[in-house]
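1. what's the 3D shape of this:
(one chain, ligands or ions: 1)
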Amino acid sequence: MSTSTEDYLKAILELGEAGIRVTTSSLAERLGVAAPSVTGMIKRLSQDTPPLLDYEPHHGVKLTRFGRLRALRVLRRHRLVETFLVEALGYTWDEVHEDAEQLEHHISDRLEERIAAFLNHPCFDPHGDPIPAVDGSLPRAAQISLLEVAPGAKVSVARVRQTASDMLRHLDSLGLHPGVAVSVTRRDPFDGPVHIAVEGKNEPVIIGAALADSILVQPRQ
Ligand SMILES: [Zn+2]
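-> Residues are numbered from 1 along each chain as shown. The predicted model follows:
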């Protein structure tokens, strides 16, 4: 399977995961390619044997069962590599994504299995993203964002839906990382900022609604 096929499958899976409708234009934007080449590639992948995509013009794009399994495998490799780079090579979480984008296409089944075993079969990568198992099953991941948390509720950061290095470094500076205890102290109306108390920070942290929406949390005992 070619690198670009794998990139398409993974992008379709990730758009769906993020609740974004998969269309030629959302895919083009995601992949940074022109819409006409996306259309051509979608047609090709839906005519493969077995087909990787279901495509009906005006109805959007869906992965077939086979396509979804392939996409989950690429995602597994991506997230395993990110975890490996942090755990074994001392990368920081803002450094891993670009290298993982390359390496996800070039590791063998054997190396994938060795990395998983070396890491003791992790369920989550450094960003808190769930790592699919070899059979394509996904660990249960946090679903609630900081934007939806009631003020006062005790939660901890579980997952950060950001990949840009500068954004991840910004989150570092705010002390926001998977595992960190947080609570919302105030939320301004009309998509205003969210005020949060962050474990280890004396001052309240104030973040925009869009950033708060990308930080997923789970209840804390
Ligand atoms: Zn990544």
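2. ok, longest helix in the chain?
-> helix 65-89 (DSSP state H).
3. so what does that one touch, helix or strand wise?
-> Helices and strands touching helix 65-89, by 3 or more CB pairs under 8 Å, 6 or more residues apart in numbering; DSSP states H and E, are helix 3-17, helix 96-103, helix 109-118. Where you see a C-beta, it was placed from the backbone N, CA and C, and this is true even at glycine.
4. quick one: mean pLDDT for stretch 97-114?
-> Stretch 97-114 carries an average pLDDT of 96.
5. go through it and flag the buried ones.
-> 97, 100-101, 103-105, 107, 112 (16 or more other CB atoms under 10 Å).
6. run a quick neighbour tally on residue 150.
-> 9 (other CB atoms under 10 Å).
7. assign it to helix, strand or coil.
-> coil (DSSP: H, G, I helix; E, B strand; the rest coil).
8. confidence score at it?
-> For residue 150, pLDDT reads 91.
9. got a list of what it touches?
-> residue 184 (CB atoms under 8 Å, 6 or more residues apart in numbering).
10. any figure for the gap between it and the ion?
-> 31 Å (CB to the ion, to the nearest Å).
11. which residue sits closest to the residue of the chain found nearest the ion, ignoring its sequence neighbours?
-> Using CB to the ion, the single residue of the chain nearest to the ion is residue 97, 3.7 Å away. Closest residue to residue 97 apart from its sequence neighbours, by CB to CB, 6 or more residues apart in numbering: residue 163 at 4.8 Å.
12. report pLDDT for that neighbour.
-> 88.
13. that one: neighbouring residues, count only.
-> If we define neighbours as other CB under 10 Å, then residue 163 has 17 of them.
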